[in-house]
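Q: pasting the sequence and the predicted model now:
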2 protein chains.
Amino acid sequence: MPDDEGHPALAEMALGDVLSALADPLRRHVVRELAAGPDGAERTCSSFALPVSKATVTHHFRTLREAGLIRQVNRGNSRMATLRRADVEQRFPGLLALLTAEGAGDA
Amino acid sequence: MPDDEGHPALAEMALGDVLSALADPLRRHVVRELAAGPDGAERTCSSFALPVSKATVTHHFRTLREAGLIRQVNRGNSRMATLRRADVEQRFPGLLALLTAEGAGDA
DNA sequence: CCGTAGGTACGACGTGGGTCGTACCTACGG
DNA sequence: CCGTAGGTACGACCCACGTCGTACCTACGG
């Protein structure tokens, strides 16, 4: 079962949830940015400058978190997001590469 | 641009469309069945025994076709569906493996 | 010629999801 | 102590999508 913060365990990640989460362009953008950065990088939700309201940003990050793609931890008054790179790569090998390929001149 | 039958060319396959198409469990089932079978296998829409009406079946196959995942050709009074295995594998390498892994005891 | 089976087209309906505004909470900095 | 900035929670709205029934078209088999 998911932990208190809503993060599913590795074995609980469902392909359907992950694909649904990545079906949205904004969420794909977030994951792609995280995947392009160094492993373990922590970024605030607002650092992505998504062209939507704060409430919508929260919604998207919740979706990503509940799908198991990102982890969110409290850092003072900010909620830092990190890519669960190893988990995703183990459960769905090659998936992150598909995202990074998009927008890299390939798409 | 897509051909007369609505099949996008290889370079036109959009990751967003593909992920949206695969976000549906029924459509994932169809692709997984095709991927599990021999390459180039032709199957009728009805051979998948989807638990929905004929009209809905047509809708799902249209979505898969317009995303570029399958090809549909007329064979007499039937419309045979084939997986565009090589195209998908070239454009989104590893994607089909993720689908076949699901439901193979792994999910 | 008729019936049947496989699919499509069109219109309708209901639900889910992306969006927002607002109110609220929690640090941090004067 | 107050203001501000980052996020969340809740409720609302609207549209896209999955679903269906119906009508229709096209082979194929008596």
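A: Alright, I've got the coordinates. Numbers count the residues shown, from 1 in each chain, chains lettered A, B, ... in the order given.
Q: now the strands for chain A?
A: A:43-44, A:70-75, A:78-83 (DSSP state E).
Q: what's the most buried one of those?
A: Per-stretch averages of neighbours, counted by mean count of other Cβ atoms under 10 Å in any protein chain shown, single out strand A:78-83 among the strands of chain A, with a mean of 19. Where you see a C-beta, it was placed from the backbone N, CA and C, and this is true even at glycine.
Q: in its sheet, what does it sit against?
A: Note on strand A:78-83: by DSSP bridges, its sheet partners are strand A:43-44 (antiparallel), strand A:70-75 (antiparallel).
Q: and those as a markdown table, adding mean pLDDT and distance to B:Leu99?
A: Below are the strands paired with strand A:78-83 laid out as a markdown table (pLDDT from 0 to 100; distance: least, Cβ to Cβ, whole Å):
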| stretch | mean pLDDT | distance to B:Leu99 |
| --- | --- | --- |
| strand A:43-44 | 96 | 30 |
| strand A:70-75 | 93 | 23 |
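Q: any chance of those in CSV, plus distance to B:Leu50?
A: Shown next, in CSV, are the strands paired with strand A:78-83 (distance: least, Cβ to Cβ, whole Å):
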stretch, distance to B:Leu50
strand A:43-44, 41
strand A:70-75, 33
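Q: separation between the closest residue to A:His29 other than its chain neighbours and A:Phe61?
A: Spatial nearest neighbour of A:His29, excluding adjacent residues (Cβ to Cβ, 6 or more residues apart in numbering or on different chains): A:Phe48 at 7.1 Å. As judged by Cβ to Cβ, to the nearest Å, A:Phe48 and A:Phe61 stand 9 Å apart.
Q: kindly report the same for A:Ala81.
A: Note on A:Ala81: its distance to A:Phe61, by Cβ to Cβ, is 6 Å.
Q: hey, what's in contact with both of those two?
A: A:30, A:45, A:70, A:72 (Cβ atoms under 8 Å, 6 or more residues apart in numbering or on different chains).
Q: which one of those residues is nearest to A:Asp87?
A: A:Ile70 (10.1 Å; Cβ to Cβ).
Q: the closest one pairs with what?
A: Going by DSSP bridges, A:Ile70 forms beta bridges with A:Leu83.
Q: show me what contacts it?
A: A:Ile70 neighbours (Cβ under 8 Å, 6+ apart): A:30-31, A:34, A:61, A:64, A:81-84.
Q: and for A:Arg32?
A: A:99-100, A:102-103.
Q: so A:Gly6 versus A:Leu96, what's the distance?
A: A:Gly6 is 21 Å from A:Leu96, by Cβ to Cβ.
Q: with A:Arg65 instead?
A: 16 Å.
Q: surely A:Thr44 is in contact with A:Asn77?
A: No - with contact defined as Cβ atoms under 8 Å, A:Thr44 does not count as touching A:Asn77 (10.1 Å).
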